[in-house]
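# mind folding the following:
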Amino acid sequence: MENQSYVTEFILLGLSQTPAVEKIVFVLFLLLYLATLMGNFIIILTITNTPSLLSSPMYFFLSFLSFFDACFSSVVTPKVIVGSLSLKNTISFEGCMTQLFAAHFFGGSEMIVLTFMAFDRYIAICKPLHYVSIMNKNLCTILVGVAWVGGFFHSLIQVLFIVQLPFCGPNVIDHFICDLYPLLKLACTDTHNLGLMVITNSGLICTISFFLLLVSYGVILHSLKKYNAQARHKALSTCGSHITVVVLFFVPCIFEYARPPSTFSFDKTVEIFYTILIPMLNPFIYTFRNKEVKNAMRKLWRRPVISTVK
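Okay, the predicted model is just below:
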């Protein structure tokens, strides 16, 4: 069927239509966004300027995770901030497709990186004698490349289907971003099969990945029995941070996409959680109990002071 789309822009209803609430949204989300950029930038700067951390696969992946977090938040949050000040929050059809592609590209890439970080911890704890030979620099570079490519194709598949849909009627999206299910709801055609595609491409992948991650951490926790108390504490500290991030990221993703294609009133709350709050929390989760990163940060920020004194 030929695509007859007469919609050139969409109206985003955002989080509220009350001016007083919108002012609160502007201040709150601006602070959250600045905290996200600052936290993730500090992580990236610390790792890239500390050779001992950059040479470690775990922190190498963490630097890319922070990059994806900053980009993921930048796709969503600035539009929410600007929209909270606008009387009529609109986004062009092309802008909507771009936002949809970018959000799923960075989100998909982050999901793959989280999976590789779990693989890294599995090798480090379950096969420590082979860790250096397996998790070498070339493999880590390849895995990061796989995350980029995987995120790209994950997003491209969905956008190629959405962009061909005919949008000839209502153009009001009861959301603060352009997302799959709200757009399917506006299409002037039967979108049942596309809804199943979304469940397969996003929901099923999230669910399977999350299940495999839980299994891998079950194996890791079982393997920790052979280590002494100090080694177990260090491993649990590192794995605990990653498990927390995995749960906070994957559970909302599964809830959002591994269900029948329909929209609910609380979808906004769920998406705020994993598109805006989680990218801000991740740097704090990974550094709160991590002495290596905290010590590297102290050395990094003291360096200019020492240079000035000399």
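# what segments of this protein are strands?
Along the chain, the segments classed as strands by DSSP state E run 9-12, 90-92, 172-173.
# hang on, Val245 packs against Thr287?
No: Val245 is not in contact with Thr287 according to Cβ atoms under 8 Å; the separation is 12.0 Å. The C-beta positions use only the backbone N, C-alpha and C, and glycine is treated the same way.
# can you lay out the strands of the chain as a markdown table showing mean pLDDT?
Shown next, in a markdown table, are these (pLDDT from 0 to 100):
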| stretch | mean pLDDT |
| --- | --- |
| strand 9-12 | 90 |
| strand 90-92 | 91 |
| strand 172-173 | 89 |
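# list the contacts of Phe26.
Shown in contact with Phe26 (Cβ atoms under 8 Å, 6 or more residues apart in numbering): Ile81, Ser84, Leu85.
# and Ile123, how far from Ala258?
Look at Ile123 and Ala258: by Cβ to Cβ, to the nearest Å, they are 29 Å apart.
# actually Ala235, not the one I wrote
From Ala235 across to Ala258, the span is 31 Å (Cβ to Cβ).
# count residues in the vicinity of His242, would you?
A count of nearby residues for His242, using other Cβ atoms under 10 Å, gives 23.
# return the most buried member of the strands of the chain.
Mean neighbour count (mean count of other Cβ atoms under 10 Å) peaks for strand 9-12 among these, with a mean of 18.
# could I get the strands of the chain as a markdown table with distance to Phe26?
As requested, these are arranged in a markdown table below (distance: least, Cβ to Cβ, whole Å):
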| stretch | distance to Phe26 |
| --- | --- |
| strand 9-12 | 15 |
| strand 90-92 | 17 |
| strand 172-173 | 20 |
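# next up, the contacts around the residue most central in space within the chain.
Taking Cα atoms, centre = their mean, the centroid of the chain lies closest to Gly107, which sits 4.1 Å from it. By Cβ under 8 Å, 6+ apart, the residues touching Gly107 are Phe72, Gly151, Cys253, Thr275.
# need the helices for the stretch 101-250 of the chain, in chain order.
Using DSSP state H, counting those that start in this stretch, the helices found in the stretch 101-250 of the chain span residues 131-134, 137-163, 180-186, 192-198, 205-223, 229-257.
# give me the neighbour count for Pro128.
Applying other Cβ under 10 Å, we find 12 residues neighbouring Pro128.
# alright, I will stop here.
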